[in-house]
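Mind looking at a prediction? Sequence and model below.
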Amino acid sequence: MLLIKNVTIYENNAPKVTDLLIAGGKLEEIGPGQDVKGKNLSVLDGTGKTAVPGYIDQHVHVTGGGGEGGYANRVPELVPSDCIRGGVTTLVGLLGTDATTRSVENLVAKVKALKQYGLTAYCLTGSYEYPSPTITGSVKKDIVFIEEVIGVKIAISDHRSSNLSKEDMIRLASEARLGGVLSGKPGIVHMHVGSGRQKLDMIFDILKTENIPISVFRPTHVGKIFDDAVRFANMGGYIDFTSGAQVDQTAQKLVKAAELAPKDRITMSTDSNGSLPKWNEHKEMIGLGVGKITTMHEVVKSMILNCGASVPEAIRPVTENVAKALDLYPRKGVLAEGSDADLLLLDRNYDIDTVIAGGTLMMREKQILKKGTFEA
């Protein structure tokens, strides 16, 4: 058991000081003045710190992304402790451009390894390509029969995509939807949206003519299609911003989006360990960066310090909203009695001081306590 004393939490958007009792991987009790005793009890002083739910990152290239420009540009795999440094306790792994030298099989294996490390981890079948690479030969069967698979990845409006047709997308979404219905999973189509002229035009057309719920379609990297994203969110869909390298700019876009669209439809992910290529007007690569999982908290902090957002407003896109989007709420995304004991303690400067995942202390006083098997 772990007792966190005199820590600040937010309840109905108002701060209050209380105690948190963690037992059996769950947040067992919330309330001040707890007098718990036992030889297996550890006590943590939360004075001056703020507890928030562990972050949920729904777009992580756990096996490494990239590959544009040649073999030397294949991004390395995710290091488990990087998640902890970034405050991420739940993630969704996926493939990207490369499903030729990367595979869904390897992706699922890596996700299982992250679960053994102590994180909550899921993944998406598919990649940028269509037909989608799978393990079973069917997107629907991957979702139904593989525990970790909750949906499918695809790319649209991008010169690296398979340029699938409207009919292809209808079939893919229908298969993912049915897989979700049969398995009790989200059954989503997580869509990388590139810089092409089409933006979300195909999806808007499908929603006009077909019976597929808007909840199936999940566009990401929407910062570059801001107007389409706001329109989509106002129709009831979820929109996912990417934290990216321009942290302050992303923070400003999230705040602006919350003014123009329903606040509960806005999420953010990192594209961690994916490549961030830069292209010229001829679609020739002229630069290359790498997504980092720590940028999620950097954006949260920027929203608080530079945009005037409250702590609850700043964390909502990476906690409650994404937990609801992935059917994980209230087990994830909230500090409530009975929820999973995934939480962060922020210091007075809003830096991450302590991370608890599944009730286990993973980082304390900014020092990693649990590393991956091959981490130094």
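On my side now, so go ahead.

Can you tell me, leaving aside adjacent residues, what's nearest to residue 358?
Nearest residue to residue 358, sequence neighbours excluded (CB to CB, 6 or more residues apart in numbering): residue 25, at 4.8 Å. Any C-beta I mention is one placed from the backbone N, CA and C, and that applies to glycine too.

With residue 269 instead?
Per CB to CB, 6+ apart, closest to residue 269 is residue 59, 3.5 Å.

same deal with residue 157?
With sequence-adjacent residues excluded and distances taken as CB to CB, 6+ apart, residue 157 is closest to residue 196, at 3.7 Å.

so the one you found sits in a strand?
No. Counting by DSSP: H, G, I helix; E, B strand; the rest coil, residue 196 is not part of a strand but coil.

Wait, it touches residue 163, no?
No. With contact defined as CB atoms under 8 Å, residue 196 does not reach residue 163; the gap is 9.2 Å.

Which neighbours do these two have in common?
Common neighbours of residue 196 and residue 163 are not found (criterion: CB atoms under 8 Å, 6 or more residues apart in numbering).

related to what we said a few turns ago, backbone phi and psi for the residue nearest to residue 358, please?
Backbone torsions of residue 25, given as degrees, to the nearest 10, read phi 80, psi 10.

I figured it hits residue 341, correct?
Yes. Counting by CB under 8 Å, residue 25 sits close enough to residue 341 to count as a contact (5.6 Å).

Give me the contact list for the host helix or strand of residue 51.
Assessed by DSSP states H and E, residue 51 sits inside strand 50-53. Strand 50-53 has contacts (CB under 8 Å, 6+ apart) with 4, 7-10, 15, 20, 311, 315, 319-320, 323, 332-335, 339, 342-346, 350.

Can you name the secondary structure element that comes next after that strand?
Using DSSP H and E, the next helix or strand after strand 50-53 towards the C-terminus is strand 55-60.

List the beta-bridge partners for the residue most central in space within the chain.
By CA atoms, centre = their mean, the chain has its centre lying nearest to residue 57, at 1.7 Å. Applying DSSP bridges to residue 57 yields these beta-bridge partners: residue 91.

What's the separation between the residue nearest to residue 157 and residue 156?
8 Å (CB to CB, to the nearest Å).

Who has more neighbours out of the two?
Using other CB atoms under 10 Å as the criterion, residue 196 and residue 156 rank with residue 156 on top: 25 against 15.

in the stretch 151-300 of the chain, which spans are strands?
Taking DSSP state E, counting those that start in this stretch, the strands of the stretch 151-300 of the chain run over residues 188-193, 217-220, 239-242, 266-269, 275-279, 285-290.

any idea how far the spatially closest residue to residue 99 that is not a sequence neighbour is from residue 135?
Once flanking residues are discounted, residue 99 sits nearest to residue 127: 3.6 Å by CB to CB, 6+ apart. Computed as CB to CB, the residue 127 to residue 135 distance reads 13 Å.

ok, now residue 118?
Distance of residue 118 to residue 135, given as CB to CB: 25 Å.

neighbour count winner among those two?
residue 118 (19 against 16).

For stretch 81-100, measure first residue to last.
End-to-end distance for stretch 81-100: 28 Å, by CA to CA, to the nearest Å.

Show me which residues of that stretch are buried.
Neighbour counts over stretch 81-100 (16 or more other CB atoms under 10 Å) mark 81-99 as buried.

what residues does the helix-or-strand element of the chain with minimal mean pLDDT touch?
Ranked by mean pLDDT, DSSP states H and E, the weakest helix or strand in the chain is strand 275-279, scoring a mean of 83. With contact meaning CB under 8 Å, 6+ apart, strand 275-279 is reached by 65-69, 73, 75, 96-97, 159, 195, 244-245, 285-291.

Might you list the low-confidence residue ranges for this structure?
Within the chain, no stretch has pLDDT under 70.

switch to 80 and redo it
The chain contains residues with pLDDT under 80 at 38-39, 277, 376.

care to break it down by domain?
Following automatic domain parsing, one gets these domains for the chain: 2-52+336-368, 53-325.

gap between the two ends of the longest one?
Length of domain 53-325, first residue to last, CA to CA: 16 Å.

For residue 356, the count of nearby residues, please.
Number of residues near residue 356 (other CB under 10 Å) recorded here: 28.

who does it bridge with?
Here residue 356, judged by DSSP bridges, has bridge partners residue 343, residue 361.

thinking again about what came up before, which residues are common contacts for residue 127 and residue 135?
In contact with both residue 127 and residue 135: residue 104, using CB under 8 Å, 6+ apart.
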